[in-house]
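[1] Sequence first, then the predicted structure:
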Amino acid sequence: MLASAIVCGDIDEDLMRRMERGRLVRCYLYFLPYVEENRKEMNSIGVWENLEFVAYRWTVSNADLTDNLIDRFFLRPSMVQFAYMRQDVSSALWQERSKMIVAP
């Protein structure tokens, strides 16, 4: 719900990033296998989309000046680039997860 509110512009993204970045990103990365299983089960790539977008944006994405301008214009994060790069986003988040989760 929090990620959805961020994407819709209902909650200030910068404030949430400062307060909840670590917790939100760790939760998503830890539960990534569960998310993938949900997507297959529901036959929908849109399941968990907002949380995936926020986790990607806060860990991997390198927003440039154009992205920031678009965000300011719409008063919320723009998902345009994210929508075209779904496979790259998924790969990048799995790499981040592998850095986080160390095998015993």
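    That came through fine.
[2] Tell me the helices and strands packed up against the longest helix along the chain.
    As assigned by DSSP state H, the longest helix anywhere in the chain is helix 13-30. Secondary-structure packing of helix 13-30 (3 or more C-beta pairs under 8 Å, 6 or more residues apart in numbering; DSSP states H and E): helix 2-8, helix 49-59, helix 86-100. No exception for glycine: its C-beta is placed from N, CA and C like everyone else's.
[3] Quick one: closest of those to residue 30.
    helix 86-100 (7.5 Å; C-beta to C-beta).
[4] Mind checking the pLDDT average for the closest one?
    Averaging pLDDT along helix 86-100 gives 87.
[5] what sits up against that helix?
    If you take C-beta atoms under 8 Å, 6 or more residues apart in numbering as the criterion, helix 86-100 is touched by 25-26, 28-30, 32, 45, 52, 55-56, 59-60, 82.
[6] I am finished for the moment; much appreciated.
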